[in-house]
Structures are given as C-alpha cells and as structure tokens.
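**Q** Mind folding the following:
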Amino acid sequence: MDTIPAYRKVRIDPQIPNGITWAKTYKETPFGRVEVNWEINSGNMEMELDIPVGIEAIVVIPSHLREYLLNNKKYSLKDDESSVVEIKSGKYQITYKI
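**A** The predicted model follows:
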C-alpha cells in the first residue's frame, strides 16, 4: 500500500476497546466521505461501510476466523489465504463472529 497515492486505498481495521459495543465514524477525503459504522450484536461484528468513488478499501478480518458475510453472502478463507477483504467503492455490510 505504500506506493498508492493518498486516499486511493484505505485500510479498515476496527480496534475494539473493552466495554465498547459500537462506533460510528467517518473520514473526509479528497474523493468524498469514507464511513465506517460497526456494532457488536449477539457475538457478531456487524460493519456498515460506505466507500466513495475513486477509493478502494482493505478490510481486515481477524486472522483466526475462516468465514464472513459480505452483503449477506457467505465467504470462506482458507488457512493459506490472507485475512483481508478488498472492496471497491460502494456500500457494504460485513459480518463475522468475534
């Protein structure tokens, strides 16, 4: 990611402090607003992402997990695969067990 111009690719890796169950945040960029909203619900991390046109995102999935939902479609990660999901501009929902 070091050779990509600023804000063309963003990394989304929620850090969850003890006792915190949700967060809503955004970052204004030259291409528009990147929004990341997450909530822990019944043992699941539920993220809503809004990535503006011109930006791609890398979403970090905890390395011990082997599956996640992206817009309600199930995806599996194999042991030899990275624990990141690469997405283009758009609105997304990502859910996984924590």
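
**Q** where are the low-confidence patches of this structure?
**A** 1-5, 80-82 (pLDDT under 70).

**Q** Give me the most central residue, it.
**A** The geometric centre of the chain, computed from its C-alpha atoms, lies nearest to Val59 (Cα atoms, centre = their mean), at 3.6 Å.

**Q** so that residue is in which element?
**A** Applying DSSP states H and E as the criterion places Val59 in strand 56-60.

**Q** cool, and Val85?
**A** Counting by DSSP H and E, the element that carries Val85 is strand 84-87.

**Q** Repeat that for Leu65.
**A** Going by DSSP H and E, Leu65 is not part of any helix or strand.

**Q** list the contacts for the residue nearest to it when sequence neighbours are not counted?
**A** For Leu65, ignoring the flanking residues on the chain, the nearest one in space by Cβ to Cβ, 6 or more residues apart in numbering is Tyr96 at 5.5 Å. For every residue, glycine as well, the C-beta is placed using N, CA and C. The contact partners of Tyr96, by Cβ atoms under 8 Å, 6 or more residues apart in numbering, come to Asn44, Met45, Ile61, Pro62, Leu65, Glu67, Tyr68, Leu69.

**Q** one step back: what lines up beside the helix or strand just after the strand holding Val85 in the sheet?
**A** Past strand 84-87, heading to the C-terminal end, the next element that is a helix or strand (DSSP H and E) is strand 90-97. According to DSSP bridges, strand 90-97 forms sheet pairs with strand 44-51 (antiparallel), strand 67-70 (antiparallel).

**Q** Check which residues of the longest strand belonging to the chain are buried.
**A** The strand of greatest length in the chain, counted in residues with DSSP state E as the criterion, is given as strand 32-41. Along strand 32-41, these residues count as buried under the neighbour rule (16 or more other Cβ atoms under 10 Å): Gly32, Val34, Val36, Trp38.
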